[in-house]
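Asks: Sequence and predicted structure, then a few things I'm wondering about:
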Protein chains: 2
Amino acid sequence: MSRTDYPVYLQLRDRLWDWIEDEKLSSQQKLPSERELSERFSTTRVTIRQALSQLEAEGLIFRSNRRGWFVTPERLRYDPSRDIGFTRYVTEQGFRPRTETLFKQLTEAPKWLSEATGLPEGTPVYHIFRRRYVNERGLLVEHNYINPQHCPGLLSESTDLSIWQMFKEKYNRVPDHRDIEIYPLALKGLEADSLGVNQGTAGLYIQRLSHDQEGEFLELDREYWLHDALKISVHVGGRH
Amino acid sequence: MSRTDYPVYLQLRDRLWDWIEDEKLSSQQKLPSERELSERFSTTRVTIRQALSQLEAEGLIFRSNRRGWFVTPERLRYDPSRDIGFTRYVTEQGFRPRTETLFKQLTEAPKWLSEATGLPEGTPVYHIFRRRYVNERGLLVEHNYINPQHCPGLLSESTDLSIWQMFKEKYNRVPDHRDIEIYPLALKGLEADSLGVNQGTAGLYIQRLSHDQEGEFLELDREYWLHDALKISVHVGGRH
DNA sequence: GCTCCAATCTGGTATATACCAGATTATGAG
DNA sequence: CTCATAATCTGGTATATACCAGATTGGAGC
């Protein structure tokens, strides 16, 4: 059975895991309250919270504000090397996407942006900040920094749809190559607040820097995902 | 200054962050003990630990066993789409790599492996389990599942070096295409123990499934990284 | 100098308790 | 019924305390 020298909170982690599977709790379903769980498993709320945090780190459950703990939905598969928009690949997997534009503005390239892109500091750039949902759970927020030379008047367009699409159809610009960076981090500040999660919640950062055929900067994309929301899936090599 | 309604542990997070920068604490350097910090910042050890956990989630500091808290070294850049071995890309970045083989054995393909590769269940496969260090900090453990058809006698070779290299030079096999999966998870069980970290420590999972030109299964690679150890960096598109 | 062992220091685990703020639910007025 | 409000439920924050086990340190004995 369980190792006797195994800490209580890890035993609880495993028992809760089994319990969730036994009860066949499905996606988005609510767990009993921490107080109720601590009674049911004869321990304190502090210890139960340690166990719940373990399951949260696994990605099995997630917390919602002060509403309770819920079973995490299946991870979204995501291929950052492909050029299809959020709406499309979410739909293809049978989920319901939604995008909210939180703000869009014309601003001046800050230092970090000019270093990443080669644009001179202070160059005007469009900055769009959006929140994206799958099945009404907010999974990520996204900053787009766009070279306005290639798409004048972008801000008056609707930005709840695919920017790729718009680039291609309206401005006839196609991204040619991309530099992608991915690493885990903690969500905090604006990104945590916008997603309605606690400061320090585990997240995944994805940055995509796109240039066109002439090597001109098109767009820089900074995505902050919930750590349990996605599974990156890429195919490389083969024919070429 | 700080928002008055800001929780103490978040204020501490920021003050500790500043303090680490001010003191110019460098990579691998040790922080004062939790008891000392809680006195210095006039709070309890529990609250200090919350703040430290925040910085841990950020990747700024890490804990080592019962030895203390240390400043996290710079992230290793890693391109899982390239074919160069661990030793080489670590060296290229000016770090010291080291690999330990924890075990290697001939086993039979379990269900999950046959589902992932198409091999019949029970087919013999080599299974190698290794731990990899950078500057003497263990950053990941790695399971290699290898099709023995293409490399008979592999287990008697030294497996502290590059498997790619060996495939190519000794067995004349070159991986042609790969399916890569990446997602955050919690390190636990064997992987956490092997890395000497606590159960539930944040990690990053990277899986690489490699086939050769004929579409035959060569190797499945499952890597469990510390979440703060790497930055994935990929270039896609351009000439082809 | 060395080895061995005890003391000490470290983070890890666990309990008990309290209050807060946001979210939800129940209630009662209209 | 609808709407506003009050009560309640929820997780979030914070303090105080205790003991454990592994890691490190210091000292005794050689």
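Replies: On my side now, so go ahead. Numbers count the residues shown, from 1 in each chain, chains lettered A, B, ... in the order given.

Asks: can we go C-alpha only for contacts and neighbour counts from here?
Replies: Fine.

Asks: So in chain A, where's the weakest helix or strand by average pLDDT?
Replies: helix A:163-171 (a mean of 75; mean pLDDT, DSSP states H and E).

Asks: In which helix or strand does the closest residue in space to A:Ala202 that isn't next to it in sequence reside?
Replies: Excluding its sequence neighbours, the residue lying closest to A:Ala202 (Cα to Cα, 6 or more residues apart in numbering or on different chains) is A:Ala186, at 4.7 Å. Element membership for A:Ala186, per DSSP states H and E: strand A:177-187.

Asks: quick one on the thing from earlier: my guess is the residue nearest to A:Ala202 contacts A:His227. True?
Replies: No - using Cα atoms under 8 Å, A:Ala186 is not in contact with A:His227, being 9.1 Å away.

Asks: These two: who's more crowded?
Replies: A:His227 (28 against 24; other Cα atoms under 10 Å in any protein chain shown).

Asks: mind checking the SS state of the residue nearest the centre of chain A?
Replies: For chain A, the residue whose C-alpha lies nearest the mean C-alpha position (Cα atoms, centre = their mean) is A:Trp225; its distance is 1.7 Å. In three-state terms, and counting by DSSP: H, G, I helix; E, B strand; the rest coil, A:Trp225 is strand.

Asks: mind checking how far A:Gln105 is from B:Glu219?
Replies: 48 Å (Cα to Cα, to the nearest Å).

Asks: of these two, who's got more company?
Replies: B:Glu219 (25 against 13).

Asks: for that one, what are its contacts?
Replies: B:Asn144, B:Tyr145, B:Ile146, B:Asn147, B:Arg208, B:Leu209, B:Ser210, B:His211 (Cα atoms under 8 Å, 6 or more residues apart in numbering or on different chains).

Asks: Chain neighbours aside, what residue packs nearest to it?
Replies: Of all residues not flanking B:Glu219 in the chain, B:Ile146 sits nearest, at 4.5 Å (Cα to Cα, 6+ apart).

Asks: returning to that earlier point: report the beta-bridge partner residues of the residue nearest to the centre of chain A.
Replies: A:Leu140, A:Leu204 (DSSP bridges).

Asks: Then A:Tyr183?
Replies: Here A:Tyr183, judged by DSSP bridges, has bridge partners A:Tyr205.

Asks: Next, count neighbours for it.
Replies: Neighbour count for A:Tyr183, taken as other Cα under 10 Å: 21.

Asks: Settle this for me: it is touching A:Tyr205, isn't it.
Replies: Yes - between A:Tyr183 and A:Tyr205 there is a contact at 5.3 Å, judged by Cα under 8 Å.

Asks: Contacts for stretch A:69-85, please.
Replies: A:25-33, A:59-64, A:89-90, A:93, A:162-165, A:178, A:180, A:208, A:228-234, B:236.

Asks: hang on, the earlier thing: my guess is the residue nearest to the centre of chain A meets A:Leu140, correct?
Replies: Yes - the pair A:Trp225 / A:Leu140 is scored as a contact, 4.2 Å apart, by Cα under 8 Å.

Asks: just for chain A, where's the confidence low?
Replies: A:1-4, A:23-25, A:159-161, A:239-240 (pLDDT under 70).

Asks: go with 80
Replies: Chain A contains residues with pLDDT under 80 at A:1-5, A:23-26, A:150-173, A:238-240.

Asks: So which residues on it come close to chain B?
Replies: A:54, A:57-59, A:81, A:176-186, A:200-202, A:204, A:213, A:227-228, A:230-238, A:240 (Cα under 8 Å from any Cα of the partner chain).

Asks: Mutual contacts of A:Ala186 and A:His227, please.
Replies: Shared contacts of A:Ala186 and A:His227 (Cα under 8 Å, 6+ apart): A:Ala202, A:Gly203, A:Leu204.

Asks: any chance of those residues in CSV, with distance to B:Val125 and neighbour count too?
Replies: Shown next, in CSV, are the shared contacts of A:Ala186 and A:His227 (distance: Cα to Cα, whole Å; neighbours: other Cα atoms under 10 Å in any protein chain shown):
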residue, distance to B:Val125, neighbour count
A:Ala202, 35, 27
A:Gly203, 35, 26
A:Leu204, 33, 23
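
Asks: Would you map the strands across chain A?
Replies: A:61-64, A:68-71, A:76-78, A:97-108, A:124-134, A:137-146, A:177-187, A:201-211, A:217-226, A:230-237 (DSSP state E).

Asks: CSV for those strands, including distance to B:Gly85?
Replies: Formatted as CSV, the strands of chain A follow (distance: least, Cα to Cα, whole Å):
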stretch, distance to B:Gly85
strand A:61-64, 36
strand A:68-71, 39
strand A:76-78, 26
strand A:97-108, 39
strand A:124-134, 37
strand A:137-146, 33
strand A:177-187, 20
strand A:201-211, 24
strand A:217-226, 29
strand A:230-237, 17
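
Asks: Out of those strands, which gets nearest to A:Ser38?
Replies: A:Ser38 lies closest to strand A:68-71 among the strands of chain A, at 13.8 Å (Cα to Cα).

Asks: quick one: buried residues of the closest one?
Replies: A:Trp69, A:Phe70, A:Val71 (16 or more other Cα atoms under 10 Å in any protein chain shown).

Asks: what does stretch A:208-219 give?
Replies: Applying 16+ other Cα under 10 Å to stretch A:208-219 flags A:Arg208, A:Leu209, A:Ser210, A:His211, A:Asp212, A:Glu216, A:Phe217, A:Leu218, A:Glu219 as buried.

Asks: Output it as CSV - backbone C-alpha positions only.
Replies: The C-alpha trace of stretch A:208-219 is given here as CSV (Å, rounded to 0.1, in the frame of the first residue of the first chain):
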residue,chain,number,x,y,z
ARG,A,208,7.1,34.3,-31.6
LEU,A,209,9.1,36.8,-33.6
SER,A,210,8.0,36.9,-37.2
HIS,A,211,9.8,38.3,-40.3
ASP,A,212,8.7,38.4,-43.9
GLN,A,213,10.6,37.2,-47.0
GLU,A,214,12.6,40.4,-47.1
GLY,A,215,13.7,40.0,-43.5
GLU,A,216,11.5,42.8,-42.3
PHE,A,217,10.0,42.7,-38.9
LEU,A,218,6.3,41.9,-39.0
GLU,A,219,5.2,41.0,-35.5
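
Asks: quick one on the thing from earlier: can you tell me how far the residue nearest to B:Glu219 sits from B:Thr47?
Replies: Counting by Cα to Cα - B:Ile146 and B:Thr47 are separated by 47 Å.

Asks: swap in A:Arg222?
Replies: Separation of A:Arg222 from B:Thr47 (Cα to Cα): 32 Å.

Asks: go on, A:Ile128?
Replies: For A:Ile128, the distance to B:Thr47 - Cα to Cα - is 37 Å.

Asks: When these two are compared, which one has more neighbours?
Replies: Counted by other Cα under 10 Å, A:Ile128 and B:Thr47 do not tie: A:Ile128 has more neighbours, with 19 against 16.

Asks: and stretch A:91-107, how far from the chain's centre?
Replies: 12 Å (Cα atoms, centre = their mean, to the nearest Å).

Asks: just stretch A:226-235 next, same as before
Replies: Computed by Cα atoms, centre = their mean, the separation of stretch A:226-235 from the middle of its chain amounts to 9 Å.

Asks: Span of that stretch from start to end?
Replies: Start-to-end, stretch A:226-235 (Cα to Cα) is 23 Å.

Asks: Now the two most distant members of the buried residues of stretch A:208-219.
Replies: Of all pairs in the buried residues of stretch A:208-219, the most separated under Cα to Cα is A:Arg208 and A:Glu216 at 14.4 Å.
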